[in-house]
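Attaching a predicted model along with its sequence, questions to come.
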Amino acid sequence: MRIRSIEEINKKIKKGDATVLTAEEVSLLVREGNSPKAEDVDVVTTGTCGIMSGTAAILHVPVADPGAFKKAKNILLNGIPGFPGPCPNEWLGSVDLIIYGTAHSIYDSGYGGGFLFKDIVGGNEIEVEVESTEGEIFKSTTSIKDIGTAQMIGTRLAFKNYNSFTNPSEEVVSSIFHAIDMEGPFKGLSVSGCGQLNPLQNDPVMRSICSGSKILLNASEGIVIGRGTRSSNEKPNLMLTADMKDMDPHYLGGFKTGAGPEVFDSVAAAIPILDQSTLEQTFILNKDIVLPVTDIRGRHKVLGSTDYGEVWEGSDERPVYHPENCLNCETCIVRERCPTGAYTNILNTQRCFGCGMCAYSCPNNAFTMESGSVRFDVDDKSIGMPIICRQSDIKRARELTAELKRKIENGKFILNSCFE
């Protein structure tokens with residue numbers, strides 16, 4: 001039975017009277033044996049942060065004076081190739097382009113689209129290089145304040161279901177699903193997904209988080225365009241868009257993998273509680289969410305399963321750096337492997353992703369972090385191994401989920417009516 005309408009919830013939001021809980025706050029109540037009632041909760045906020053390969057940016061970039069060239073044939077931003085068009089912008093001296101978060105710099109193999117997007121959103125100066133259709137080369141610099149349009153689109157973000165990955169073979173495997181080449185057999189597990197906090201875990205049939213819903217994408221207010229590519233009823237995901245000029249660089253960036261740099265984003269979504277069944281969809285616990293363990297050589301080969309309780313319960317959000325243990329190795333393996341470049345001679349906690357690679361890699365125990373371990377059965381054998389790489393960041397997910405909660409409580413995020 002319906003308790004209230006979207007309009008009624010919005011009236012309470014505008015008055016500052018809405019009761020808002022994060023999905024983890026709901027899960028805590030359930031774990032403690034409580035059963036929240038729909039009449040007591042107006043909105044539940046959810047969130048996730050992790051590698052989201054389907055991220056692209058649509059940009060309008062100034063290059064040269066009007067009339068300097070007819071059209072752009074090729075364009076590089078900080079060495080990363082973009083795709084000029086679709087609008088040709090003849091003789092305007094500026095270029096419309098699309099650039100992928102998974103694109104790699106032609107000059108620096110460790111720099112990719114995710115790092116570029118963070119630099120753009122952060123207001124850093126961007127080097128522009130254009131080859132015109134006549135073969136002329138034009139070089140300039142730009143920044144977010146000069147870029148006319150900077151719209152991010154995510155074609156496949158915030159999956160409900162994820163897999164985890166291990167290498168059961170003797171051979172080393174390069175993959176986007178691990179921060180470095182993965183050794184085997186069964187040396188460790190790489191995981192993704194924010195479990196009970198994840199938006200579509202709390203709305204698995206996309207009843208509330210649907211086409212037209214407002215969301216936060218990297219802290220910028222955006223909307224759900226619809227289902228993402230490869231979305232299915234069993235494994236739904238979202239297509240999203242938001243203005244990069246309103247984004248916070250803390251919530252996005254690059255993440256180096258064994259197969260080159262990737263891009264990570266943060267997404268938060270609100271679930272209006274219209275009835276008891278909607279609220280009860282959020283009564284989920286990490287231990288009850290199955291996480292398949294798959295072969296990194298082929299994601300469809302399922303070896304066993306674990307759950308998100310093993311991933312997130314009792315684990316640390318961030319590593320602890322112990323500089324007294326650092327031996328200043330000539331080649332620092334942590335510096336080489338850190339996916340976000342958070343470690344130089346100090347640990348930059350703002351850039352840190354909480355992936356765990358530093359604690360796994362340092363031979364001198366200069367970093368410690370509880371990242372969990374799993375045990376599952378393969379061919380009638382019990383296999384135990386540590387979680388060595390987390391490609392989702394629970395800390396950023398929690399921060400953005402809490403930020404959305406504050407916006408709603410303060411009347412700064414009004415829900416829209418796209419619901420049944």
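Okay, I see it.

Quick check: most distant residue from the centroid of the protein.
In the chain, the greatest distance from the average C-alpha position (Cα atoms, centre = their mean) is reached by Gly67, at 40.2 Å.

didn't it look like it was pressed against Gly93?
Yes - with contact defined as Cβ atoms under 8 Å, Gly67 counts as touching Gly93 (6.8 Å). For the C-beta atoms, the positions are set from N, CA and C on the backbone; glycine is no exception.

circling back: now the residue farthest from the centre of the chain: closest residue in space that isn't a chain neighbour?
What sits nearest to Gly67 in space, not counting adjacent residues and going by Cβ to Cβ, 6 or more residues apart in numbering, is Trp91, at 5.3 Å.

List the residues that contact the residue nearest to Glu313 when sequence neighbours are not counted.
Nearest non-adjacent residue to Glu313, counting by Cβ to Cβ, 6+ apart: Asn286, 5.8 Å away. Residues in contact with Asn286 (Cβ atoms under 8 Å, 6 or more residues apart in numbering) are 27, 195-196, 307-309, 311-313.

again, 6 Å this time
Asn286 is in contact with 195-196, 308-309, 312-313, counting by Cβ atoms under 6 Å, 6 or more residues apart in numbering.

if we can go back for a sec, am I right that the residue nearest to Gly67 sits in a strand?
No - remark: Trp91 does not belong to a strand; assigned using DSSP: H, G, I helix; E, B strand; the rest coil, it is coil.

what's the neighbour count on it?
12 (other Cβ atoms under 10 Å).

Give the buried residues for stretch 154-161.
If you call a residue buried by 16 or more other Cβ atoms under 10 Å, then stretch 154-161 has these buried ones: 154-161.

before we move on, the earlier item: where does the residue nearest to Gly67 fall, phi/psi-wise?
When quoted as degrees, to the nearest 10, the phi and psi of Trp91 stand at phi 60, psi 10.

cool, and Ser27?
The phi/psi pair for Ser27 (degrees, to the nearest 10) reads phi -60, psi -40.

so what's it scoring on pLDDT?
pLDDT recorded at Ser27 is 97.

In contact with the nearest residue to it once chain neighbours are set aside, which residues are there?
In this structure, Ser27 finds its nearest non-sequential neighbour in Gln196, 4.7 Å apart by Cβ to Cβ, 6+ apart. For Gln196, the contact set (Cβ under 6 Å, 6+ apart) comprises 27, 284-286.

so Gln196 sits in a helix?
Yes - counting by three-state DSSP, Gln196 is located in a helix.

Show the pLDDT at it.
The confidence metric pLDDT takes the value 98 at Gln196.

how much space between Ala397 and Glu403?
From Ala397 across to Glu403, the span is 11 Å (Cβ to Cβ, to the nearest Å).

More neighbours: the two, which one.
Each of Ala397 and Glu403 has its neighbours counted (other Cβ under 10 Å); Ala397 has more, 27 against 19.

you'd agree that one is in a helix?
Yes - counting by three-state DSSP, Ala397 falls inside a helix.

Isn't it up against Gly50?
No - using Cβ atoms under 6 Å, Ala397 is not in contact with Gly50, being 8.0 Å away.

before we move on, back to that, output the contacts of Asn286 as TSV; include the columns distance to Leu21.
Output for these, formatted as TSV (distance: Cβ to Cβ, whole Å):
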residue	distance to Leu21
Gly195	17
Gln196	13
Tyr308	19
Gly309	21
Trp312	18
Glu313	19
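
now the helices for the stretch 51-200 of the chain?
Applying DSSP state H, counting those that start in this stretch to the stretch 51-200 of the chain gives helices spanning 113-121, 199-202.

Redo the ones you listed as a markdown table? Include distance to Ile225.
Formatted as a markdown table, the helices of the stretch 51-200 of the chain follow (distance: least, Cβ to Cβ, whole Å):
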| stretch | distance to Ile225 |
| --- | --- |
| helix 113-121 | 18 |
| helix 199-202 | 15 |
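
Dump those to TSV, plus distance to Gly254 and mean pLDDT.
Converted to TSV, the helices of the stretch 51-200 of the chain look like this (distance: least, Cβ to Cβ, whole Å; pLDDT from 0 to 100):
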stretch	distance to Gly254	mean pLDDT
helix 113-121	3	98
helix 199-202	23	98
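
now for those, which one comes closest to Cys329?
The minimum distance between Cys329 and the helices of the stretch 51-200 of the chain falls on helix 113-121, with 25.0 Å, by Cβ to Cβ.

and the nearest residue to Phe413 once chain neighbours are set aside, how many neighbours?
Among residues not flanking Phe413 along the chain, Lys407 sits closest, at 3.8 Å (Cβ to Cβ, 6+ apart). Using other Cβ under 10 Å, Lys407 is surrounded by 20 other residues.

Also Glu171?
Number of residues near Glu171 (other Cβ under 10 Å) recorded here: 11.

just Ile58 next, same as before
Ile58 has 17 nearby residues by other Cβ under 10 Å.

One more: Tyr251?
For Tyr251, the count of nearby residues is 26 (other Cβ under 10 Å).

Ok, Asp65 next?
Neighbours around Asp65, by other Cβ under 10 Å: 10.

Need phi/psi at the residue lying closest to it once chain neighbours are set aside.
Spatial nearest neighbour of Asp65, chain neighbours left out: Gly93 (5.3 Å); criterion: Cβ to Cβ, 6+ apart. Phi and psi for Gly93, reported as degrees, to the nearest 10, are phi 80, psi 10.

okay but Gly93 is in contact with His60, surely?
No - contact between Gly93 and His60 fails when scored by Cβ under 6 Å: they sit 11.5 Å apart.

tell me the contacts of the closest residue to Val95 other than its chain neighbours?
Of all residues not flanking Val95 in the chain, Ala72 sits nearest, at 4.5 Å (Cβ to Cβ, 6+ apart). By Cβ under 6 Å, 6+ apart, the residues touching Ala72 are 84, 95, 130.

Which pLDDT value goes with the second one?
The confidence metric pLDDT takes the value 98 at Val95.

Surely it touches Pro84?
Yes - using Cβ under 6 Å, Val95 is in contact with Pro84, at 5.4 Å.

overlap in contacts of these two?
With contacts taken as Cβ under 6 Å, 6+ apart, Val95 and Pro84 have 72, 75 as neighbours in common.

Please identify which of the two sits among more neighbours.
Val95 (27 against 21).

gap between that one and Asn74?
Relative to Asn74, Val95 is positioned 10 Å away (Cβ to Cβ).

and if you look at Ser232?
Here Ser232 is placed at a distance of 36 Å from Asn74 (Cβ to Cβ).
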